[in-house]
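A.B. asks: Have a look; sequence and predicted model below, questions after that.
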Amino acid sequence: MFWHEANRAVPDNGRVAVLEKITHPYYIDRPFVLLSYLEQGQVDFRTTNSPEAVLHRMRELGATHVAVDVKGLDAAADPFERQVTTLWREVVARLGTPRAERRRLRALRDAVDGGDA
């Protein structure tokens with residue numbers, strides 16, 4: 001399972017930014033921040049609308065790693081969803097090679113600090 005591998009890859013003091021259209025990621029054992037566009041409390045994607053702005057916000061939230069549902073990157077049921085998933089694809093592209101990958105979940109990355117992209 002992705003999260004078992006991801007949990008091993010993230011150090012105890014790490015924090016995962018989760019890019020998914022869910023309200024809560026299950027099976028994650030590390031501290032996390034959810035960057036779902038269903039809940040705009042952490043990141044308001046109406047105003048945080050560039051890859052640089054998203055990465056900056058992740059750093060502000062203390063994220064050291066990123067996890068993303070690859071299948072969700074193609075979601076485009078409405079214009080806002082299309083806008084956000086396009087933005088997420090751009091962010092993921094800047095972060096480089098994933099450290100863990102399983103079926104539909106991918107992209108545990110430790111390049112949030114901007115130094116490893």
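C.D. replies: All right, it came through fine. Numbers count the residues shown, from 1 in each chain.

A.B. asks: residues in contact with Ile28?
C.D. replies: Trp3, Ala6, Asn7, Val16, Val18, Ala67 (CB atoms under 8 Å, 6 or more residues apart in numbering). Just so you know, the C-beta spots here come from the backbone N, C-alpha and C atoms, and that holds for glycine as well.

A.B. asks: and of those, the nearest to Phe32?
C.D. replies: Nearest to Phe32, judged by CB to CB, of the contacts of Ile28 is Val16 at 4.3 Å.

A.B. asks: Export the contacts of Ile28 to a markdown table and append columns for neighbour count, distance to Val92 and secondary structure.
C.D. replies: Below are those laid out as a markdown table (neighbours: other CB atoms under 10 Å; distance: CB to CB, whole Å; DSSP: H, G, I helix; E, B strand; the rest coil):
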| residue | neighbour count | distance to Val92 | secondary structure |
| --- | --- | --- | --- |
| Trp3 | 19 | 18 | helix |
| Ala6 | 26 | 15 | helix |
| Asn7 | 18 | 20 | helix |
| Val16 | 28 | 14 | strand |
| Val18 | 21 | 12 | strand |
| Ala67 | 27 | 10 | strand |
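
A.B. asks: Any chance of those residues in JSON lines with pLDDT as columns?
C.D. replies: JSON lines is the format used below for the contacts of Ile28 (pLDDT from 0 to 100):
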{"residue": "Trp3", "pLDDT": "77"}
{"residue": "Ala6", "pLDDT": "78"}
{"residue": "Asn7", "pLDDT": "82"}
{"residue": "Val16", "pLDDT": "88"}
{"residue": "Val18", "pLDDT": "89"}
{"residue": "Ala67", "pLDDT": "85"}
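
A.B. asks: nearest to Val43, of those?
C.D. replies: Val43 lies nearest to Val18 out of the contacts of Ile28, by CB to CB, at 11.3 Å.
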